[in-house]
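Novice: 3D, please:
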Amino acid sequence: MKQIYIIILLFFFSENIFSQNIVIDKNLDSKKKIESIILQSKNFGKDTNALKSYLSPLIKSSDKNLHIVYYNMLASGFASANESINKTSNHNFSKSLALAKSEENHGLEIWALVNYAFYLYDYKKTTEALQVYLDADNKIRQTEASAIILPSDSFKKIGFFMGTIGDTNEAIHYLQKAEQFAEPNSKELSAIKDNIGFYYLELNQFENAKKYFSEAETISKSINDQIRYAKVLGNFGLLEYKKGNLGKAVRLLEQDLEISRKLQSHNNTNYAEILLSRILIDKNQIDEAKKLLTQAKKYAESKPHLKKSVFEIEQLNLKIAQKENDPEKELSALRKLNELEDELTDSDSEKNLERSNILAQKERYASKLSLANAQFEKEQLKNKAIIVVSVLLFFIIILLIIFNRKQLKTRKDKYYKTVLRLELEKVKSEQKFLETNKTLSSYSTYLTEKNEQIELLNKELLKIKNSSSSSIEKEKQQLQKLLDSHLMTDENWMNFKDAFQHEYPDYFKLLMTDFPDLTESNLRITSLMKLGLSNQEVSSLLGITIEAVKKSKQRLKKRFGEKYQDLFLGN
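Specialist: Next up is the predicted model:
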C-alpha cells in the first residue's frame, strides 16, 4: 500500500512538472518578451512530448515572432534529445528561419541563424555551419547590436565558431563584442573571458591570455561556478605548457581533472585527459599518458560528435609508438588516423577547418568588396545629386536675383513717381503763389497748402518706412528732402515778414514798441498764429514739435502777463 501511494505521488509530481508551460510576459516590449521566453529554456532530455507541451503557448499565440522562437527552441530540444543531427531539428530550424525572413525581424532572424549554425557546428557539420554563420555575420554588420535578440549569446556563438575554423582574430573580435553585452559576474561572462584568453593564447599573446584567464577565474570563484573554474585551470595549464613549464602545467591540469570528474563534466574531462596526456608524453611519462588516453578514447568513441577527439588520441598513440619504437602499434595508429581522416572530411578535420577558414576569409572579403562597391556607388550618386542640386540652386539664385531686381525696379519706379507727384504739387503751389500779389491772404492760402503737403509727405514717409521700399528712401532721402524744403527757411521768413509788415503795419509797429524783447523765433510763431494757424500747422511749417510751440506760447504769456492777448488781437 505504501509503495502504491509513493508511485501515485511520484506520478502526480511528474505530471505537475511536465504540465508546466513556458510563461509569456505580455507587459514587456517585443524584444524583452522574446528574450524572457528564451531564457526559460529547459532540458527535457529524451522526453520530446514534454518539450512540445512546455513550448505550446508559443505556437498558440497570434504573435508570429513567438512562432519563430517556438520552432527554433523545438529544433534545439530535439537535437539535445537525439545528441545528433536529425530530420526533425532540420525541419523546425528551416521553418523558424523562413518565418523570421518573412517577418523581416532582423534581430530575431540573426538569433535564429546563429542557433541553427551552432547546432550544425556542435554536431561537427562545420562546412554547412560556415555558410549559416556568414549569413548571420553579414546581417549583424547591417543591424544595430541593441536590436539583436540576446546579443551576447549570439556574438559568443559566432566567436566560438570562428575560433574553431582557425580565424582567431575574428573569434576575439566577436567574443569581445559579446563581453560588452554579458551580465556582470555571470557564468556567461566568465565563459566569454575564458575563451578570449584561449584565443589570445593561440596567438601566443601570453600576457593578454593570462589577464583574461585571471578575470574568468575571479568571476567563476565569486559565483561558485566550479565547472568554469576547472576549465580555467586547464587553460592556465595550457599556458604554462606553451611557456615550457611542464611540471606546473601538469599540476594545473590534474586539478582541472579532479574537479571535472567530481562534477561529472564528461566533455571537459575528456579534453583535459587528452591535453594532460600530450604533456606527459613530452615528459616521457608514457605509462601515465597511456592510462589517460585509454579513458579518453572510451568516452570519445561513445559520442558520434567527438570523432575529432578520437583523431587527436590516435595522433598521441602514434607519437607514443614512435617513442617506444613499436612499428606494429605505429602502423595500427596510422591506419586508424587514415580512417578517421575520411570520416572527418565532412566535419572538422584539420584540412576541412583550414578550407572553411579560407572560405570564410573569401566570403568576408567579397562582402566587404560588395559593401565598398555599394559605398562607392552611393558616393557617386551622392556627388551627382550634389551637382544637380547645385545647378538647380544656381538657377534658382539667378531667378531670385532677376526677380529681386525686377521687384526693386518696380519699387523704385513707384517711389520716384510718388516723389515726382509731390514735387509737382509743391511746384504748382509755389507757381500759384508767385502769380499773386504776395499779400497776407495769398500767404495764408500758400501756407495752408504747404501744411497739407507736409501732412501728406509725413504719411508717405511712414508708409515707406514700413514697406520694402524703406531701403530706397534710406539711400535716396528724396521724400525727406522734399519735406525739409516745405519748412519755413530764413529766406521764406524774410519774404513772409515783409508781406506781414506791409499788411499789418500798425500791428507790427505795436509788436516792435510794446514787445521789444520778442525774438525772431517768437515773431515767427506770433505772426503765423495771427493768421489763424493751429499749433499743429505752426509746428509743421517751422519743423518743430507741437510741444515746442506750446511751451513757447506759455513762456510769452508768463513774460507779458495781461499784455499777452495783445500779441494776437492788435490791429
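
Novice: Just the helices from the stretch 51-200 of the chain, written as ranges.
Specialist: In the stretch 51-200 of the chain, the segments counted as helices under DSSP state H, counting those that start in this stretch are 64-82, 87-103, 106-122, 126-141, 151-164, 168-181, 187-202.

Novice: helices and strands around the third one, which ones?
Specialist: Using 3 or more CB pairs under 8 Å, 6 or more residues apart in numbering; DSSP states H and E as the contact criterion, the secondary-structure elements in contact with helix 106-122 are helix 30-38, helix 64-82, helix 87-103, helix 126-141, helix 151-164. (Glycine included, C-beta is placed from N, CA and C.)

Novice: wait, which of those is closest to residue 395?
Specialist: helix 126-141 (41.0 Å; CB to CB).

Novice: Tell me where the stretch 451-571 of the chain has helices.
Specialist: Using DSSP H, counting those that start in this stretch, helices in the stretch 451-571 of the chain cover 470-476, 478-486, 490-503, 505-514, 520-530, 535-542, 546-560, 566-569.

Novice: Lowest mean pLDDT across the helices and strands packed on helix 106-122, which one is that?
Specialist: Looking over these, mean pLDDT reaches its minimum on helix 126-141, with a mean of 84.

Novice: Mind giving me the packing neighbours of that helix?
Specialist: Helix 126-141 packs on helix 106-122, helix 151-164, helix 350-434, going by 3+ CB pairs under 8 Å, 6+ apart.

Novice: Take those and write them to CSV, including distance to residue 174 and mean neighbour count.
Specialist: Converted to CSV, the helices and strands packed on helix 126-141 look like this (distance: least, CB to CB, whole Å; neighbours: other CB atoms under 10 Å):
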stretch, distance to residue 174, mean neighbour count
helix 106-122, 10, 25
helix 151-164, 4, 24
helix 350-434, 12, 12
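
Novice: I'd like the ones you listed as CSV, with distance to residue 276 appended.
Specialist: As requested, the helices and strands packed on helix 126-141 are exported to CSV (distance: least, CB to CB, whole Å):
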stretch, distance to residue 276
helix 106-122, 24
helix 151-164, 21
helix 350-434, 21
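
Novice: Ok, which of these comes nearest residue 295?
Specialist: helix 106-122 (23.2 Å).

Novice: What's the mean pLDDT across the closest one?
Specialist: For helix 106-122, the mean confidence score works out to 89.

Novice: so how far is it from its chain's centroid?
Specialist: 26 Å (CA atoms, centre = their mean, to the nearest Å).

Novice: Let me know the angle separating it from helix 151-164.
Specialist: Comparing the axes of helix 106-122 and helix 151-164 via axes from the mean of the first three to the mean of the last three CA atoms, to 10 degrees yields an angle of 40 degrees.

Novice: Just the C-alphas of helix 106-122, formatted as CSV.
Specialist: Provided in CSV are the C-alpha atoms of helix 106-122 (Å, rounded to 0.1, in the frame of the first residue of the first chain):
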residue,chain,number,x,y,z
HIS,A,106,16.4,41.1,-38.5
GLY,A,107,17.3,41.0,-34.8
LEU,A,108,15.3,37.7,-34.3
GLU,A,109,16.5,36.3,-37.7
ILE,A,110,20.1,36.8,-36.6
TRP,A,111,19.3,34.9,-33.3
ALA,A,112,17.6,32.1,-35.3
LEU,A,113,20.5,31.8,-37.8
VAL,A,114,23.1,31.7,-35.0
ASN,A,115,21.2,29.0,-33.2
TYR,A,116,20.9,26.9,-36.4
ALA,A,117,24.6,27.4,-37.2
PHE,A,118,25.6,26.4,-33.6
TYR,A,119,23.5,23.2,-34.0
LEU,A,120,25.4,22.3,-37.1
TYR,A,121,28.7,23.3,-35.5
ASP,A,122,28.0,21.4,-32.3
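
Novice: Hmm, residue 114 is touching residue 154, no?
Specialist: Yes: under the criterion of CB atoms under 8 Å, residue 114 is in contact with residue 154, at a separation of 4.5 Å.

Novice: To residue 509, which of the helices and strands packed on helix 126-141 lies closest?
Specialist: Of these, nearest to residue 509 by CB to CB is helix 350-434, at 26.2 Å.

Novice: How much space separates residue 529 from residue 229?
Specialist: 114 Å (CB to CB, to the nearest Å).

Novice: ugh, wrong one, I meant residue 235
Specialist: In terms of CB to CB, residue 235 sits 11 Å off from residue 229.

Novice: Might you list the low-confidence residue ranges for the protein?
Specialist: 1-19, 344-376, 419, 426, 429-430, 432-444, 468-476, 479, 482-489, 568-571 (pLDDT under 70).

Novice: Could you list the domains of it?
Specialist: What automatic domain parsing lists as the domains of the chain is 225-348, 367-486, 488-571.

Novice: quick one, which of the ones you listed is packed in tightest?
Specialist: domain 225-348 (a mean of 18; mean count of other CB atoms under 10 Å).

Novice: quick one: that one to chain centroid distance?
Specialist: Counting by CA atoms, centre = their mean, domain 225-348 comes out at 49 Å from the chain centroid.

Novice: contacting residues for residue 72?
Specialist: Taking CB atoms under 8 Å, 6 or more residues apart in numbering, we find residue 72 in contact with 92, 93, 96, 111, 112, 115, 116.

Novice: In JSON lines: those, plus distance to residue 191.
Specialist: Formatted as JSON lines, those follow (distance: CB to CB, whole Å):
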{"residue": "92", "distance to residue 191": "26"}
{"residue": "93", "distance to residue 191": "24"}
{"residue": "96", "distance to residue 191": "25"}
{"residue": "111", "distance to residue 191": "18"}
{"residue": "112", "distance to residue 191": "22"}
{"residue": "115", "distance to residue 191": "17"}
{"residue": "116", "distance to residue 191": "21"}
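
Novice: Need the max-distance pair from those residues.
Specialist: Maximum distance among these (CB to CB): 14.7 Å, for 92 and 111.

Novice: returning to what we had before: looking at the domains of the chain, spot the one closest to residue 136.
Specialist: Per CB to CB, nearest to residue 136 of the domains of the chain: domain 367-486, 12.0 Å.

Novice: separation between residue 339 and residue 454?
Specialist: 120 Å.

Novice: I meant to write residue 295 there.
Specialist: Distance from residue 295 to residue 454, by CB to CB: 121 Å.

Novice: picking up where we left off before, wait, which of the helices of the stretch 451-571 of the chain is closest to residue 450?
Specialist: helix 478-486 (5.3 Å).

Novice: about what we covered before: overlap in contacts, residue 114 and residue 154.
Specialist: residue 136.

Novice: Got phi/psi on the residue positioned nearest the centre of the chain?
Specialist: In the chain, the residue lying closest to the centroid (CA atoms, centre = their mean) is residue 144, at 9.1 Å. Backbone geometry at residue 144, expressed as degrees, to the nearest 10, gives phi -60, psi 130.

Novice: same deal with the one 5 residues further on?
Specialist: Here is the backbone geometry of residue 149 (degrees, to the nearest 10): phi -70, psi 130.

Novice: can you tell me which residues contact the residue nearest to it when sequence neighbours are not counted?
Specialist: Among residues not flanking residue 149 along the chain, residue 111 sits closest, at 3.9 Å (CB to CB, 6 or more residues apart in numbering). Applying CB under 8 Å, 6+ apart, we find residue 111 in contact with 38, 72, 148, 149, 150, 153, 154.
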